[in-house]
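Chemist: below: sequence and its predicted model.
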Amino acid sequence: MRCLLEIGRLGPDGSMTITEISRAEGLTMPYVAKLLAVLRRQGFVKSTRGQAGGYTLARPAADIVIGDVLAALGGRLYDPGFCDRHRPGADSCSKIVACSIRTLWNGIQDAVDGVVSNLTLADVLQSEEDARVLRIRTDLPAGARPWARRTAEEAHA
């Protein structure tokens with residue numbers, strides 16, 4: 001997600017290389033290359049080779065659903081086969097009938113799905129910008145600028 005956000009911050013025509021993303025995010029270049037390959041195969045970014053090459057968004061940020069990106073990058077926190085994969089040597093979990101942990105993880109996953117399936121890259125970028133602007137405004141002494149005293153709700157309006 002961080003790689004996609006870096007590219008998204010540049011706008012629809014922005015482009016970044018693996019090296020630039022690696023430096024910006026403090027990730028190794030091979031790891032960034034691997035992540036971008038997944039994002040490219042799934043249609044979130046496109047790549048251009050050559051001197052002016054790099055990665056750009058493959059479609060508008062408003063059309064990139066965060067839930068789809070997370071699914072492409074590794075899937076869900078919890079899925080129905082979770083218990084089977086984490087019980088080596090057994091046919092099924094001994095708690096399969098009355099498992100309060102499974103119920104907890106199902107609820108958490110449902111809550112996460114409810115958020116990320118309705119959130120786009122544009123939403124995340126906008127909320128990031130709103131937070132940055134609010135942070136700048138609240139870092140100033142209250143009397144420094146007339147708009148510095150505005151509340152978060154007023155700044156959002």
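Modeler: Everything's here; your move.
Chemist: for this structure, what spans make up the helices?
Modeler: For the chain, helices defined by DSSP state H occupy the ranges 2-8, 18-25, 29-41, 66-73, 82-85, 100-116, 121-139, 152-156.
Chemist: list the contacts for Glu25?
Modeler: Counting by Cβ atoms under 8 Å, 6 or more residues apart in numbering, Glu25 makes contact with Arg2, Cys3, Glu6, Val32. All C-beta atoms are positioned from the backbone trio N, CA, C, and that covers glycine.
Chemist: 7 Å instead?
Modeler: Counting by Cβ atoms under 7 Å, 6 or more residues apart in numbering, Glu25 makes contact with Arg2, Cys3, Glu6.
Chemist: and those residues, which are buried?
Modeler: Buried members of those, scored by 16 or more other Cβ atoms under 10 Å, are Cys3, Glu6.
Chemist: now the end-to-end length of stretch 6-16.
Modeler: 8 Å (Cα to Cα, to the nearest Å).
Chemist: hmm, back to that, out of the helices of the chain, deepest packed?
Modeler: helix 2-8 (a mean of 21; mean count of other Cβ atoms under 10 Å).
Chemist: show me what it packs onto, helices and strands only.
Modeler: helix 18-25, helix 29-41, strand 54-57, helix 121-139 (3 or more Cβ pairs under 7 Å, 6 or more residues apart in numbering; DSSP states H and E).
Chemist: follow-up on the earlier one: closest one to Ala52 among the helices of the chain?
Modeler: Nearest of these to Ala52, taken as Cβ to Cβ: helix 18-25 at 12.7 Å.
Chemist: can you give the distance of that closest one from its chain's centre?
Modeler: Remark: helix 18-25 is offset 16 Å from the chain centroid, using Cα atoms, centre = their mean, to the nearest Å.
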